[in-house]
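# what would the 3D arrangement of this be:
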Amino acid sequence: MHIAIAGNIGSGKTTLTTLLSKHYNWKAHFEDADDNPYLNDFYEDMQRWSFNLQIYFLNSRFNQIMEIRKSGKTVIQDRTIFEDAYIFAPNLHAMGLMTTRDFENYISLFNLMNTFIKAPDLMIYLRASVPTLVNQIQKRGRDYENAIRIDYLKRLNERYEAWISTYDQGKLLVIEVDNINFAENPEDLGIIFNKIDAEINGLF
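Below is the predicted model of the structure:
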């Protein structure tokens, strides 16, 4: 089984992936932010590095999906290939930070990859307002994230909502992050476990 967690920067994907992996004994696949050779450069000069960064993510995520399929285990994945293609890359293009030529090249590659993959069995979307995202980004204190602008997060949130509102590729569970603190409150985490149990039981 393939479970994936989707959500904007700072919504709590990595934290929830870790907690669910531990609770259910699922194998976790994380976004390799620390090993990404483009992230620092991207946040310093988005226009120059946007295409390189998105291609790196596309390749990395495609490899993850292939590994998940081969493993035969239940895997929980921190962020999906769909977010790269439907949210991050189009947003960079719309902001004038990726050329149309590069964007069309990127989308053509994604469309090809998309014929080889299938959506997760369960998609968990972490919905968070911009103030919550900013607060959580500041709390974790990654240097390269200091340059993230509020309007950038706002645009991404709008794209996430547009994508999720039409998502029909599998089971979807939406968690309102503003109202809970699953990282520090066991009761809040328990509520999420119950919701996931209900969704998973419906998969069999």
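# make it CA atoms for all contacts and neighbour counts henceforth
Noted.
# which is the next helix or strand following the longest helix along the chain?
Longest helix in the chain, counting residues (DSSP state H): helix 46-71. The helix or strand immediately downstream of helix 46-71 is strand 75-78, counting by DSSP states H and E.
# show residues contacting that next one.
With C-alpha atoms under 8 Å, 6 or more residues apart in numbering as the test, strand 75-78 has contacts from 1-6, 13-14, 17, 20-21, 26-31, 68.
# buried subset of those?
Taking 16 or more other C-alpha atoms under 10 Å as the criterion, what is buried in the contacts of strand 75-78 is 2-6, 13-14, 17, 20-21, 26-31, 68.
# and D151, how far is that from K27?
According to C-alpha to C-alpha, to the nearest Å, D151 and K27 sit 35 Å apart.
# I meant N91, not that one.
31 Å.
# please enumerate the helices of this protein.
Using DSSP H, the helices assigned to the chain run over residues 13-24, 39-44, 46-71, 81-83, 89-94, 100-114, 130-140, 150-165, 186-201.
# and the fifth one, what does it pack onto?
In terms of contacts (3 or more C-alpha pairs under 8 Å, 6 or more residues apart in numbering; DSSP states H and E), helix 89-94 is packed against helix 100-114, helix 150-165.
# show me the shaky parts of this structure.
The model of the chain has pLDDT under 70 over residues 33, 144, 147, 203-204.
# and the residue nearest the centre of it?
Against the mean C-alpha coordinate of the chain, by C-alpha atoms, centre = their mean, the closest residue is R79 at 2.7 Å.
# for the nearest residue to V174 once chain neighbours are set aside, what are its contacts?
Nearest non-adjacent residue to V174, counting by C-alpha to C-alpha, 6 or more residues apart in numbering: Y125, 4.8 Å away. By C-alpha under 8 Å, 6+ apart, Y125 lies in contact with 5-7, 164, 172-175.
# distance check, I124 against A4.
6 Å.
# how much does the longest helix of the chain deviate in direction from helix 100-114?
Inter-element angle recorded for helix 46-71 and helix 100-114: 0 degrees (by axes from the mean of the first three to the mean of the last three C-alpha atoms, to 10 degrees).
# helix 46-71 packs against which elements?
The helices and strands touching helix 46-71, judged by 3+ C-alpha pairs under 8 Å, 6+ apart, are helix 39-44, helix 81-83, helix 100-114.
# can I get the helices of the chain in CSV with distance to N179?
Output for those, formatted as CSV (distance: least, C-alpha to C-alpha, whole Å):
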stretch, distance to N179
helix 13-24, 15
helix 39-44, 30
helix 46-71, 30
helix 81-83, 23
helix 89-94, 27
helix 100-114, 34
helix 130-140, 10
helix 150-165, 17
helix 186-201, 9
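# for the nearest residue to K195 once chain neighbours are set aside, list the residues it contacts.
Excluding the flanking residues, the one nearest K195 by C-alpha to C-alpha, 6+ apart is L173, at 7.9 Å. Contacts for L173 were tallied using C-alpha under 8 Å, 6+ apart; they are 122-125, 195-196, 199.
# let's go with 10 Å and repeat that
The neighbours of L173, taking C-alpha atoms under 10 Å, 6 or more residues apart in numbering as the test, are 5, 122-126, 192, 195-196, 199.
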